[in-house]
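**Q** Requesting a structural model of the entry that follows:
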Amino acid sequence: MSAHETEITVRSYELDGFGHVNHAVFLNYFEFARFQTLEAAGFPPKALIAEGMGIHVARVEVDYKREARLGQTLTIHTEPEQIRNSSMTLAQEARSGEHLLARARVVVVWVGRDGRPTRIPDDVRAAL
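**A** Numbering: from 1, shown residues only. Coordinates of the predicted model:
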């Protein structure tokens with residue numbers, strides 16, 4: 001399984017009243033990085049949608065370790081941890097330099113046109 005890294009720079013509108021990135025914004029960072037990972041593996045989200053596939057988040061666990069502030073460059077590391085029949089678990093970390101800011105485990109389920117779970121395509125399995 002391959003890993004992918006996505007860089008994000010913290011923007012002003014992502015800050016809360018305390019001047020750091022709101023905890024919920026990390027979910028957006030992690031989601032963006034997951035789609036970047038799929039695209040880097042050769043599966044752009046638009047192509048998956050055109051094929052009638054969807055990827056739905058079934059579970060997210062996040063441990064927050066350190067705050068992020070305006071202008072910081074974050075590296076989001078995304079790595080498939082487990083691939084099952086219709087779901088996969090992805091491990092993600094948000095770092096700024098050597099500092100771990102947040103760690104997540106995300107379970108996603110692949111769904112077909114009918115909105116029901118479907119087998120993850122073999123070419124996706126091989127790429128990830």
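**Q** E93: neighbour count?
**A** Using other CB atoms under 10 Å, E93 has 20 other residues around it. Where you see a C-beta, it was placed from the backbone N, CA and C, and this is true even at glycine.
**Q** list the contacts for it?
**A** Neighbour list for E93: 76-77, 100, 102-104 [criterion: CB atoms under 8 Å, 6 or more residues apart in numbering].
**Q** Put together JSON lines for those, with distance to Y13, neighbour count and pLDDT on each row.
**A** Output for the contacts of E93, formatted as JSON lines (distance: CB to CB, whole Å; neighbours: other CB atoms under 10 Å; pLDDT from 0 to 100):
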{"residue": "I76", "distance to Y13": "18", "neighbour count": "25", "pLDDT": "98"}
{"residue": "H77", "distance to Y13": "24", "neighbour count": "17", "pLDDT": "98"}
{"residue": "L100", "distance to Y13": "24", "neighbour count": "14", "pLDDT": "98"}
{"residue": "A102", "distance to Y13": "19", "neighbour count": "23", "pLDDT": "98"}
{"residue": "R103", "distance to Y13": "24", "neighbour count": "18", "pLDDT": "98"}
{"residue": "A104", "distance to Y13": "22", "neighbour count": "22", "pLDDT": "98"}
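**Q** Show me which of these is closest to N22.
**A** Closest approach between those and N22, by CB to CB: A102, at 11.8 Å.
**Q** phi, psi of the closest one?
**A** A102 has phi and psi values of phi -160, psi 150 when expressed as degrees, to the nearest 10.
**Q** sorry, back to before: go through the contacts of E93 and name the one nearest V62.
**A** For these, the nearest to V62 is A104 (4.6 Å; CB to CB).
**Q** excluding its backbone neighbours, what's nearest V57?
**A** V108 (5.6 Å; CB to CB, 6 or more residues apart in numbering).
**Q** who does that neighbour bridge with?
**A** V57, M88 (DSSP bridges).
**Q** Just name whatever secondary elements the helix ranked longest in the chain is in contact with.
**A** Identified as the longest helix of the chain according to DSSP state H is helix 23-40. Counting by 3 or more CB pairs under 8 Å, 6 or more residues apart in numbering; DSSP states H and E, the packing neighbours recorded for helix 23-40 are strand 4-9, helix 45-50, strand 54-64, strand 73-83, strand 87-96, strand 99-111.
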